[in-house]
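Chemist: need a structure here:
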Amino acid sequence: MSERRYDYVIVGGGSAGCALANRLSADPSTRVLVLEAGRPDYAWDVYIHMPAALSFPIGNRFYDWKYESEPEPNMKGRRIYHARGRVLGGSSSINGMIFQRGNPLDYERWAADPGMASWDYAHCLPYFKRMETCTAGADDYRGGDGPLVLERGAATNPLFTAFFLAVQQAGHRLTEDVNGYRQEGFGAFDRTIRRGRRLSAAGAYLHPVESRPNLEVRCRAFVSRILFDGRRACGVEVEERGRSRTIDADEVILCGGAINSPQLLQLSGVGNPRELQELGIDVVHDLPGVGENLQDHLEVYVQYESKRPVSVAPALKWRNRPAVAFKWLFLRSGPGATNHFEGGGFVRSNEDVEYPNLMFHFLPLAIRYDGSAPKGHGYQVHVGPMYSDARGSIKIRSRDPREHPALRFNYLSTDQDRREWVEAVRCARKILKQPAFDRFNAGELSPGPEVESDEEILDWVARDAETALHPSCTCRMGTDRMAVVDPGTLRVHGLDGIRVVDASVMPYVTNGNIYAPVMMIAEKAADLVLGKTPLAPANVPFFRHEHVYATRDS
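Modeler: Residues are numbered from 1 along each chain as shown. Next comes the predicted model:
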């Protein structure tokens with residue numbers, strides 16, 4: 001059964017898909033269809049919309065695709081759990097709501113690759129600004145009238161006060177805005193929270209325009225294959241309500257993320273010919289880079305027990321949860337109205353790196369992403385290297401689109417990675433052992449004082465580290481043989497009628513949470529798809545630890 005033709009079929013109603021749907025459907029003559037395999041983000045769903053409830057959707061099959069890596073050789077053979085949003089808004093509906101653009105030098109690194117000049121900081125900054133309303137104030141670096149409203153963390157808990165003093169005692173600086181002129185340093189974080197409620201990509205971009213007659217959004221619509229007429233994508237095969245049908249499209253845009261986009265390309269015959277033929281898949285196009293170059297951030301929790309009862313721990317107790325829920329439901333305030341990741345920072349762990357390679361999230365609570373927590377009061381930092389040179393891959397196992405692909409990250413597989421992990425843990429401990437914490441510090445809970453040598457630290461990381469949930473780079477932009485999409489159009493190399501717009505197109509992962517860069521890519525992609533003149537580059541200076549570095553003229 002085939003349906004009428006659409007101008008654009010967007011595969012994936014996640015972060016990038018929601019932004020694209022908004023921008024592409026602004027032209028009333030254009031018919032746009034969004035296909036999301038997950039469920040709607042119902043307005044009554046507390047697990048999605050209450051910021052403090054972020055641990056509940058993770059690991060829940062109604063919200064989460066529940067991926068696992070292959071056994072990681074350098075992580076004691078562990079399978080590392082990977083949560084990915086299975087709901088409208090994608091992972092922006094279940095993530096930690098931390099908004100980090102990455103360092104300006106991340107984009108200079110992108111632009112240094114052949115054909116990538118238009119992805120330098122000067123060209124990306126206008127799109128960051130276009131998408132955001134920074135409630136702390138707009139300026140040359142921050143936007144003031146975009147759909148994505150960002151609230152700055154209050155960070156008023158006494159433990160935050162101690163943390164910001166401790167980082168200075170440890171030799172680091174504070175910064176006014178980690179997304180502004182100076183990233184390096186510590187300060188309050190921007191969060192995708194508006195008036196005490198999560199503001200996902202669906203909430204910011206999709207729901208305000210879903211009444212447009214030329215925009216159609218379907219949930220529980222599982223795309224199993226891209227259809228090709230020769231080398232041109234002409235539609236998709238989708239399963240809905242137990243039936244399979246085809247949908248014709250002038251253009252197919254993959255927005256499934258760093259796991260689903262390469263998976264769907266491979267299932268549709270685009271990838272490494274030898275690997276596809278071994279699975280009985282007819283090869284449409286030889287593109288060996290599909291699924292390669294996988295990058296991610298790994299992190300640990302360095303946790304301390306608190307002498308004083310000032311942490312957020314009481315809000316977790318069952319007897320207190322009704323009061324927390326009442327305050328959030330009716331006043332949009334209290335412990336339920338924040339993600340509690342209200343501050344942190346970025347530092348260089350050694351003098352060999354040009355810009356920060358460690359990111360810290362401070363939490364006035366000792367807890368893991370799955371909600372497990374030690375008894376009593378505590379606090380912690382999340383820390384890990386931000387641009388490891390480890391590389392992995394995503395490869396389908398069979399022709400069954402519902403079978404999860406094999407994820408191989410190769411964590412801790414390089415000398416650089418292992419060196420920076422030791423530096424990361426030592427740096428975190430140095431901060432948390434400063435005099436500012438003396439009145440709170442009741443001892444280290446994790447990894448514990450028995451973990452001290454480089455070998456013991458690496459052994460603990462291998463046993464305890466978790467993903468920071470930033471998979472990326474598996475359909476990277478570029479012009480070489482292993483590149484998958486063209487930097488100037490985001491079209492898949494060698495094919496017509498198909499583009500990729502999501503975290504998979506990054507050539508290198510940025511040095512922070514990746515939601516903001518994904519949304520910037522989507523904003524810029526919308527202009528590329530529509531053939532609009534790109535926004536003029538913003539040649540503003542930005543901080544570099546040895547001197548002020550100005551972006552090159554364009």
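Chemist: which parts of the longest helix seen in the chain are buried?
Modeler: Ranked by residue count and defined by DSSP state H, the top helix of the chain is helix 415-432. Neighbour-count burial for helix 415-432 flags 416-425, 427-429, 431-432 (criterion: 16 or more other C-beta atoms under 10 Å). The C-beta positions use only the backbone N, C-alpha and C, and glycine is treated the same way.
Chemist: Taking the residues you listed, tell me the two that lie furthest apart.
Modeler: Across the buried residues of helix 415-432, the longest distance by C-beta to C-beta is 24.6 Å; it joins 416 and 432.
Chemist: residue contacts, the nearest residue to residue 210 once chain neighbours are set aside?
Modeler: The spatially closest residue to residue 210, leaving aside those adjacent along the chain, is residue 217, at 6.2 Å (C-beta to C-beta, 6 or more residues apart in numbering). Shown in contact with residue 217 (C-beta atoms under 8 Å, 6 or more residues apart in numbering): 13, 21, 33-34, 36, 88, 206, 210.
Chemist: Of the residues you listed, keep whichever come out buried.
Modeler: When those are checked for burial by 16+ other C-beta under 10 Å, the buried set is 13, 21, 33-34, 36, 88, 206.
Chemist: In JSON lines, list those residues along with secondary structure.
Modeler: Shown next, in JSON lines, are these (DSSP: H, G, I helix; E, B strand; the rest coil):
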{"residue": "13", "secondary structure": "coil"}
{"residue": "21", "secondary structure": "helix"}
{"residue": "33", "secondary structure": "strand"}
{"residue": "34", "secondary structure": "strand"}
{"residue": "36", "secondary structure": "strand"}
{"residue": "88", "secondary structure": "coil"}
{"residue": "206", "secondary structure": "helix"}
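Chemist: Looking at those residues, which one is closest to residue 135?
Modeler: Residue 135 has its nearest neighbour among these in residue 206, at 21.2 Å by C-beta to C-beta.
Chemist: Look up how far residue 352 lies from the closest one.
Modeler: 43 Å (C-beta to C-beta, to the nearest Å).
Chemist: shaky segments in the stretch 1-150 of the chain?
Modeler: 1-3 (pLDDT under 70).
Chemist: C-alpha coordinates for stretch 460-475, CSV please?
Modeler: Output of stretch 460-475 as CSV, limited to C-alpha atoms (Å, rounded to 0.1, in the frame of the first residue of the first chain):
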residue,chain,number,x,y,z
TRP,A,460,38.0,1.3,38.8
VAL,A,461,37.0,3.2,35.7
ALA,A,462,36.8,0.0,33.8
ARG,A,463,34.5,-1.5,36.4
ASP,A,464,32.4,1.5,37.2
ALA,A,465,32.3,4.1,34.3
GLU,A,466,29.0,4.7,32.4
THR,A,467,28.3,6.4,29.1
ALA,A,468,27.5,10.1,29.3
LEU,A,469,25.0,9.3,26.4
HIS,A,470,26.7,11.2,23.6
PRO,A,471,27.0,8.8,20.7
SER,A,472,28.0,10.6,17.6
CYS,A,473,30.0,10.8,14.3
THR,A,474,28.9,7.6,12.6
CYS,A,475,27.8,9.3,9.3
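Chemist: Which residues belonging to that stretch are considered buried?
Modeler: Under 16+ other C-beta under 10 Å, the buried positions of stretch 460-475 are 460-462, 464-475.
Chemist: Just give me how far the helix or strand encompassing residue 122 sits from the chain centre.
Modeler: Element membership for residue 122 (DSSP states H and E) is helix 121-131. Here the centre of helix 121-131 is set off from its chain's centre by 18 Å, with C-alpha atoms, centre = their mean, to the nearest Å.
Chemist: what do you get for stretch 83-94?
Modeler: Worked out by C-alpha atoms, centre = their mean, stretch 83-94 lies 11 Å from the chain centre.
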